[in-house]
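*Asks:* Take this sequence and fold it.
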Amino acid sequence: MAKIKLNEVPEEGRNYSYNRQTGELNEDLKDLIGSNEYQTEFFLKPLNHKDFSLRGHVVTATQEICSLCGETFNFKTKAQLNEIIIPGADNNKILEKQSRANHVSETSESEISVSEYKNDVLEIGELIHEAIALSVPFNPKPEQKEDGSCTICDKVAEFGQFGYDENMGIIEKQNPFNVLKDFKIKNQKSN
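*Replies:* Numbers count the residues shown, from 1 in each chain. A predicted model of the protein is given here:
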């Protein structure tokens, strides 16, 4: 994992820029983006002696499966980074008490989220990986041409309610006690 030593960040802050050629995040991101290019730029600045502000973005393409046709394609994405970096909790009891309800997926681009670091080291590879993963929609689709057809398979994307073409017919609701009407009770005499 790519890491930044926070005690080496100057008081005025520092700009960081990573891409495929610089290679710092290549291993951290390969499961998401494969061999696609990426460009991430951010500014990291101390807020006080233990908290930091990180603002920037990452632009790349992830390898996705089209939710319409099932073909693999490169989904272009841009993830905003707007983080407050705080020291992590040392033991599980403290961590449970400090668990946060504000996950990155719940924030808009202008809102700030919180990430933690340990031992004055920020695992920037993990933070960038998470930001990219959360920027991909639940049902990714490739770009469409002007006529509404898919740029991958040339099929026209149909919008609206999903339904079946075949008529399944009307099923009559049956009374479950109808089965009992055919039973006959045999009267047995006891001796």
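
*Asks:* And the helices in this protein?
*Replies:* In the chain, the helices defined using DSSP state H lie at 26-33, 92-97, 124-135.

*Asks:* out of those, nearest to residue 11?
*Replies:* helix 124-135 (19.6 Å; C-beta to C-beta). No exception for glycine: its C-beta is placed from N, CA and C like everyone else's.

*Asks:* could you give the angle of the closest one to helix 26-33?
*Replies:* 10 degrees (axes from the mean of the first three to the mean of the last three C-alpha atoms, to 10 degrees).

*Asks:* Please state the offset of helix 124-135 from the chain centre?
*Replies:* Taking C-alpha atoms, centre = their mean, to the nearest Å, the mean C-alpha location of helix 124-135 is offset from the chain mean by 9 Å.

*Asks:* May I ask you to name the longest strand in the protein?
*Replies:* strand 72-87 (DSSP state E).

*Asks:* now the angle from it to helix 124-135?
*Replies:* Using the same axes, to 10 degrees: strand 72-87 against helix 124-135 is 130 degrees.

*Asks:* Show the average pLDDT along strand 72-87.
*Replies:* Strand 72-87 shows a mean pLDDT of 92.

*Asks:* likewise stretch 12-29?
*Replies:* Mean predicted confidence for stretch 12-29 is 94.

*Asks:* List the buried residues in it.
*Replies:* 16, 18-19, 24-26, 28-29 (16 or more other C-beta atoms under 10 Å).

*Asks:* Tell me the one of those residues nearest residue 77?
*Replies:* Within the set of these, residue 29 lies nearest residue 77; the separation is 11.9 Å, counting by C-beta to C-beta.

*Asks:* Could you count how many residues lie near residue 122?
*Replies:* The tally of other residues near residue 122 (other C-beta atoms under 10 Å) stands at 22.

*Asks:* An error on my part: the question was meant for residue 136.
*Replies:* Neighbour count of residue 136, defined by other C-beta under 10 Å: 14.

*Asks:* ditto for residue 60
*Replies:* Neighbour tally, residue 60, other C-beta under 10 Å: 24.
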